[in-house]
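Novice: Mind looking at a prediction? Sequence and model below.
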There are 2 protein chains.
Amino acid sequence: MNDLDLLFSALADSTRRDILARVSEAEMSIGQIAEHYGLKFGSISKHIKVLETARLISKHRRGREQIVTIVPATLAIARKHIERYAAIWADRFEQLDELLKEEDE
Amino acid sequence: MNDLDLLFSALADSTRRDILARVSEAEMSIGQIAEHYGLKFGSISKHIKVLETARLISKHRRGREQIVTIVPATLAIARKHIERYAAIWADRFEQLDELLKEEDE
DNA sequence: CGTTCATTCTACTATCTAGTAGAATATTCT
DNA sequence: AGAATATTCTACTAGATAGTAGAATGAACG
């Protein structure tokens, strides 16, 4: 699996996207992240490992905890590739931007 | 699997991303697309089905062929979500844009 | 109408993934 | 050192996915 496969498949899971959303607002330990989900700690630890392998997050130790931080450069790469597929459609994209301002997940 | 899971997992395969890149430049039949890969027709047909289910492409019949077209609105949704995770990092993103201008896959 | 072309569907195999349980490791506290 | 906390690792199960072969469908052509 190449880098881009790892990147997009890491994003293809709603638990992982939610972790990413949380971590994009504040650094957190793995334990703090795990509290929010009805899953065993081991499962969340695995999800975080997937995000780390995709380089969407990085970890550093602080005492006994591991602190998780987002890696914005990797998100930028994902965005860049999506834009490539849509490059020709730039005009329509601008119209879509307007449309999307009202929409929310 | 929800819409966003389908969208990102459709993107998490290099054959499918390549199909998307091809189709973003010109409409093509499934047969024309399949010529470019060392895979059986059935396998490519399946990949195209995955892209269609994710609404990244749509198909319409022209005579005996099925013509594949990109759906830019779906790419816009993917981009929007990626930007959400990176929202706080907007400043750094602008610097990254500069960096990425030189990089290529 | 029977054949050919383009594509899909069904069935099967091999490989991958998500989740869980429980043992193992690293760090801190007493 | 020994107990407690935070996290990872190993092993396992159930379900998903990629690829292939071959039958089935839909449209066009002689």
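Specialist: Looks like it came in fine. Numbers count the residues shown, from 1 in each chain, chains lettered A, B, ... in the order given.
Novice: Please name the residues that touch A:Asp3.
Specialist: A:Asp3 is in contact with A:Ala54, A:Arg55, counting by Cβ atoms under 8 Å, 6 or more residues apart in numbering or on different chains. For every residue, glycine as well, the C-beta is placed using N, CA and C.
Novice: Kindly recompute the last result at 10 Å.
Specialist: Going by Cβ atoms under 10 Å, 6 or more residues apart in numbering or on different chains, A:Asp3 touches A:Thr53, A:Ala54, A:Arg55, A:Thr74, A:Ile77, B:Glu105.
Novice: between those residues, which is closest to A:Ile19?
Specialist: Nearest to A:Ile19 among the contacts of A:Asp3: A:Ala54, at 11.9 Å, using Cβ to Cβ.
Novice: Measure how buried the closest one is and give me the count.
Specialist: Burial of A:Ala54 is recorded as 23 neighbouring residues (other Cβ atoms under 10 Å in any protein chain shown).
Novice: wait, it sits on A:Asn2?
Specialist: No: counting by Cβ atoms under 10 Å, A:Ala54 does not reach A:Asn2; the two are 11.1 Å apart.
Novice: hmm, back to that, drop anything exposed from the contacts of A:Asp3.
Specialist: A:Ala54, A:Arg55, A:Thr74, A:Ile77 (16 or more other Cβ atoms under 10 Å in any protein chain shown).
Novice: and the nearest residue to the second one once chain neighbours are set aside, what element?
Specialist: This points to A:Arg55. Excluding the flanking residues, the one nearest A:Arg55 by Cβ to Cβ, 6 or more residues apart in numbering or on different chains is A:Thr74, at 4.7 Å. Assigned by DSSP states H and E, A:Thr74 falls within helix A:72-86.
Novice: And that helix, what's buried?
Specialist: A:72-86.
Novice: Kindly list the main-chain dihedrals of A:Met28?
Specialist: phi -150, psi 160 (degrees, to the nearest 10).
Novice: Return the helix or strand in chain A with minimum mean pLDDT.
Specialist: helix A:90-102 (a mean of 56; mean pLDDT, DSSP states H and E).
Novice: picking that back up, which among the contacts of A:Asp3 gets closest to DNA strand D?
Specialist: A:Thr53 (10.6 Å; Cβ to the nearest atom of the strand).
Novice: so A:Gln66 touches A:Ile44, yeah?
Specialist: No: at 11.7 Å, A:Gln66 does not count as touching A:Ile44 under the criterion of Cβ under 10 Å.
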